[in-house]
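Asks: coordinates only, sequence not included:
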């Protein structure tokens, strides 16, 4: 053991333009600081109802079983797939990046038979491939990521819902990268089990995974013949704690629930449609900027581009690590590198929730120009910022599809 | 969906004298509010090292694998038992309350053969019973709760360590209710896998479970033939994120890590032995007070009494719920009721971490007198406070066993 004292906590003030955690509204910090009470305090139990009401509004659902899981989004994946799956089940997971692969990896730890249907990184999974893989099977579920954070790809849920209907399967959807940032509604899109993350477009701190389960999926979970292999992620006791009974299960991260509550209020005060539009408009400005700087987007097909995370190809001869380090050291701006197979090949710029603000895009493009020039990549002077400014001057409302 | 807006978050200011969460030092709140950074930010990764150093000092261990798990203490139980156990293993769990039973319940979800060795609530598990149950078995582990929060019982670790040594078994210990409040050291007490909770005697917010694993247990975990049945609680990727590699696993609850770091600094600034002594002295005052009021303790044997949580029998004719409700409504003081079989039979008064302060004990005893009188229980006037005051006037240092 080293003996020297560990000093005061003095973090740098970063602008987080990553695929999460996003920056946090000061009013969310303030709520997080509210006096803590016990998790069985009658006041707290009443407050849990508020959080559930807010979550239903943001998920756009009437599902009774709607609550924040005490875990990161990866915990949400685990709860979403462990609860419905038992031995003898067939399930398909659509894999087109690190997080959808994670869903497969987790599902493969159950005794169910998991079929991966894959697509190259940067692409969507072909629903025809899913249909072919499902043929002749009594399918329990189809799982996929709405937004694949690792590749900045969004998928059309209706296509997979259709296949799930054909085979009587549940649709399990990861909306970690999309909820509150991209047009989506659990009931409208007929998702059976859906989870998200607190630290993305909702802009609460990380540590909670909002979760919702419809009546059909709930019935399947309640009818299990075997116990869920994780006690912590077993939804039945969680449903009892977050249900009418408020039966003690585990001690939840109380300040994070306070923060989540406030962040959800912010989402609803802005309005879901206005928020979706904001994300779309800001991403258009970012894209205009990076393209004007001579950079290419990772996702070829514009319809497949995730509005909350933009993948940018790292140009030949430019060092990923040096660029990101200089952005941090010189401007306190964090963007993300690639994960898995695209590490070193792409940058990922997240514009999520509170981070998705005009001033952040302009500042980022300006700083990015400086850094790219220093790192030996030729950028037309002022081109990025200029293009973003032009983008903001366009009348956008007609052009942006907010999925109404 | 209800349509009315959900208002501002305005929690009451409670004094939490429960078995967790305990009250939080304002400097811990302040640290929690520090600017959030990304979980892969180089500054953050450096800061993770601080947290690990601090945790090693509080756990009193040199274990390389020492980190805070992103989950409540119950998640800690899950990680601690799921990782070492595989099909074909025999394991013993000592059950003497709700939380040690939880360890059994979780272990029983693994394919290993779990033997429960039970003791009545309010008692310790007899090491002879453990020895008998282990006879003839090649035992993988013995699991137990150092402090059983649900019954306010503490167990002598040396007794179980001895049995574990005889059978070559790992010792897995739940120190959720004891770490930083009760004499204990992972290396000194030769615990192989140990976990705790952030919201008890450490007095950080709930949501993290400090975890430490010694080299022997680490080797066993690394040599597994099958995958751990929970991805989230699989220690191998967690070891990589918290190890030298800092390989991304999941997004941890960053503000809770900030808060935990500060709370651990508070623990070490006070000093472990001084802190243990404070907990012991304050509990003595509490016990003197409640006994002088004519109440009885739940745990008969003084040596078995957990210093952080005091179980008090609810007197005949007094209503548990009414007393706790009046304490909350009239004095903003929360104490806990019993869990499971002792629900309605005992109160549990927690004096943990920042909650364990003289002024809190005196205030609680005064308020308790008022409430008990109102609820029809005759209390000699001022007896509780008087006895506690006397207790504080005794020279205590010689009497308190801080396990040096």
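Replies: Received it, and whenever you're ready, just let me know what you need. Just so we're clear, the structure is a prediction, and the values are computed from it rather than from any experiment.
Asks: So residue A:144: helix, strand or coil?
Replies: Three-state call for residue A:144 (DSSP: H, G, I helix; E, B strand; the rest coil): strand.
Asks: Quick one: residues contacting the residue of the stretch 301-404 of chain A found nearest chain B.
Replies: Residue of the stretch 301-404 of chain A nearest chain B, by Cβ to the nearest Cβ: residue A:334 (5.1 Å). Yep, even glycine has a C-beta here, placed from its N, CA and C like the rest. By Cβ atoms under 8 Å, 6 or more residues apart in numbering or on different chains, the contact list for residue A:334 reads A:14, A:15, A:16, A:17, A:18, A:324, A:327, A:328, B:37, B:38, B:41.
Asks: give me the number of residues near the last one?
Replies: Using other Cβ atoms under 10 Å in any protein chain shown, the number of residues around residue B:41 comes to 20.
Asks: ok, it to residue B:312 distance?
Replies: Going from residue B:41 to residue B:312 by Cβ to Cβ, to the nearest Å gives 47 Å.
Asks: now, which of the contacts of residue A:334 lie within strands?
Replies: Applying DSSP state E to the contacts of residue A:334, the entries found in strands are A:15, A:16.
Asks: can you redo the contacts of residue A:334 as JSON lines with pLDDT and distance to residue A:297?
Replies: Formatted as JSON lines, these follow (pLDDT from 0 to 100; distance: Cβ to Cβ, whole Å):
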{"residue": "A:14", "pLDDT": "98", "distance to residue A:297": "24"}
{"residue": "A:15", "pLDDT": "98", "distance to residue A:297": "21"}
{"residue": "A:16", "pLDDT": "98", "distance to residue A:297": "21"}
{"residue": "A:17", "pLDDT": "98", "distance to residue A:297": "16"}
{"residue": "A:18", "pLDDT": "98", "distance to residue A:297": "17"}
{"residue": "A:324", "pLDDT": "98", "distance to residue A:297": "18"}
{"residue": "A:327", "pLDDT": "98", "distance to residue A:297": "19"}
{"residue": "A:328", "pLDDT": "98", "distance to residue A:297": "23"}
{"residue": "B:37", "pLDDT": "98", "distance to residue A:297": "27"}
{"residue": "B:38", "pLDDT": "97", "distance to residue A:297": "22"}
{"residue": "B:41", "pLDDT": "96", "distance to residue A:297": "25"}
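Asks: what domains does the record give for chain A?
Replies: A:26-268, A:271-393 (automatic domain parsing).
Asks: Just name the most buried of those domains.
Replies: Greatest average neighbour count among these goes to domain A:26-268 (a mean of 22), per mean count of other Cβ atoms under 10 Å in any protein chain shown.
Asks: gap between the two ends of that domain?
Replies: Domain A:26-268 has an end-to-end distance of 17 Å (criterion: Cα to Cα, to the nearest Å).
Asks: Relative to the whole chain's centre, how far out is it?
Replies: 11 Å (Cα atoms, centre = their mean, to the nearest Å).
Asks: got the contact list for the nearest residue to residue A:346 once chain neighbours are set aside?
Replies: Closest residue in space to residue A:346, ignoring its immediate chain neighbours: residue A:338 at 4.3 Å, by Cβ to Cβ, 6 or more residues apart in numbering or on different chains. Taking Cβ under 8 Å, 6+ apart, we find residue A:338 in contact with A:150, A:311, A:320, A:344, A:345, A:346, A:347, A:348.
Asks: before we move on, back to that, so the residue of the stretch 301-404 of chain A closest to chain B bridges to which residues?
Replies: residue A:16 (DSSP bridges).
Asks: Need the per-residue pLDDT for the residue nearest to residue A:346.
Replies: With respect to pLDDT, residue A:338 scores 96.
Asks: Am I right that residue A:16 is in contact with residue A:199?
Replies: No - when contacts are counted by Cβ atoms under 8 Å, residue A:16 is not listed as touching residue A:199 (9.5 Å).
Asks: List the residues that are in contact with both of the two.
Replies: Listed as contacting both residue A:16 and residue A:199 by Cβ under 8 Å, 6+ apart are residue A:22.
Asks: which residue ranges form the helices in the stretch 301-404 of chain A?
Replies: A:320-331, A:358-374, A:383-393 (DSSP state H, counting those that start in this stretch).
Asks: Check what contacts the second one and list those residues.
Replies: The contact list for helix A:358-374, computed with Cβ under 8 Å, 6+ apart, reads A:15, A:17, A:282, A:285-286, A:289-290, A:293, A:318, A:323, A:326-327, A:330-331, A:333, A:335, A:349, A:351, A:379, A:381-385, A:388-389, A:392.
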